[in-house]
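[1] Sharing a model prediction with you, sequence too.
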Amino acid sequence: MTVHTSLHQWSGSLNRWVAAWAAMLFILVLAAGPVWANPAGDGDWPRFVLSADKTPISYTVHGKGEPTLILVHGWSCDGRYWRHQIDAFSKKYRVVVVDLAGHGHSGLMRGRYTMRAFGEDVRAVAEAVGSRTVILVGHSMGGAVIAEAARLMPDRVLGLVGVDTFDNVEYPLTREALDEMLAPMVDDFSGGSRAFVTEMFLPATDPRIREWILADISAAPPYVALSAMEELLTQYISGDTARVFETIVAPVVTVNGDLWPIDFEANRRHMRSFEAIIVEQADHFFMLSRPHVFNRAMERAVQTVLRKAAAN
């Protein structure tokens, strides 16, 4: 039995489990209207908006003004992973932090967790906050998500800032290699995901941060995590990871650690504009493990996007 078949079997059982929950939630949705605002009026209380498929999406808003930075987390993470960026950037920009469907406080209503559907989550949030000019910031899997979101709302997006992502949008991957990668997590999600993510740290990473991340990711809903991972990596097999950029005119700037090399030529074959800022001795989660260094690099990336957007 392939991993692909196993995931779809999990989907059937999960959908039966959530059916009653979803029905009750929809009653609350209809009663509350399409958007739930912050009950306190201000501050960082979560707000909710319905995505295109009616899944409730949680987000928080910090600061004021344009442009708006929309921060999108990575695989099996949530908005907490941006904790060191909120105060630093909300003094200058409006900062919106999103929990994608199936993550954080957002709804668990999907049979498949595709990058396109995640992109719809981001678009729903951008429209809910009324942002006219947006810079999308995506960590890891969030890079693929913000690419989809940029394609969905080209008139709003000034640029994309990838965080340890877009190493090579042409990365060659086979179905067999993907099944081999996912198999340990299908057999034992907690143990398999810990082993998978452990490779993303440096020996110098604070062990307390490393353990918090490993415990958090390994506690994610297994079907959501495995579905999202399969959808993300299947795009490399199909070529959609690269193809999505052929319709995006906004500039792309990445802030990457030096764990993995970047194939500039491959990326530039598909992106209208691509630049990368490399942070030495930085692991995959360096917005948490080295926040001050990361924040300086991210500010450079945002300024680069603004400069390129103004020139176009």
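    On my side now, so go ahead. Residues are numbered from 1 along each chain as shown.

[2] In the stretch 51-200 of the chain, mark out all the helices, start to finish.
    With DSSP state H, counting those that start in this stretch as the criterion, the stretch 51-200 of the chain has helices at 83-90, 115-129, 141-152, 175-187, 189-198.

[3] Can you say which of these is nearest to residue 280?
    The closest of the helices of the stretch 51-200 of the chain to residue 280 is helix 83-90. By CB to CB, the value is 18.9 Å. (Glycine included, C-beta is placed from N, CA and C.)

[4] any low-confidence regions in the chain?
    1-44 (pLDDT under 70).

[5] Spatially central residue in the chain, please.
    Centroid check for the chain by CA atoms, centre = their mean gives residue 142 as the closest residue, at 2.3 Å.

[6] doesn't residue 72 make contact with that residue?
    Yes - applying CB atoms under 8 Å as the test, residue 142 and residue 72 come out as touching, 3.8 Å apart.

[7] how close does the residue lying closest to residue 116 once chain neighbours are set aside get to residue 244?
    Among residues not flanking residue 116 along the chain, residue 148 sits closest, at 5.2 Å (CB to CB, 6 or more residues apart in numbering). Distance of residue 148 to residue 244, given as CB to CB, to the nearest Å: 6 Å.

[8] Looking at these two, which is more packed in?
    Taking other CB atoms under 10 Å, residue 148 and residue 244 do not tie; residue 148 has more neighbours (24 against 20).

[9] All the strands of the chain, in order from the start?
    Counting by DSSP state E, the chain has these strands, from start to end: 35-36, 47-50, 56-62, 68-72, 94-99, 134-139, 157-163, 252-257, 274-279.

[10] which one of those lies closest to residue 265?
    Short answer: strand 274-279, nearest of the strands of the chain by CB to CB, at 9.9 Å.

[11] In this structure residue 257 contacts residue 288, no?
    No - if you go by CB under 8 Å, residue 257 and residue 288 don't touch, sitting 12.0 Å apart.

[12] picking that back up, and the strands of the chain, which is most packed in?
    strand 134-139 (a mean of 29; mean count of other CB atoms under 10 Å).

[13] From residue 95, how far out is residue 133?
    Residue 133 is 14 Å from residue 95, by CB to CB.

[14] what about the nearest residue to residue 217 once chain neighbours are set aside, how many neighbours?
    Counting by CB to CB, 6+ apart, residue 76 is the residue found nearest to residue 217 once chain neighbours are left out, at 4.4 Å. By other CB under 10 Å, 26 other residues sit near residue 76.
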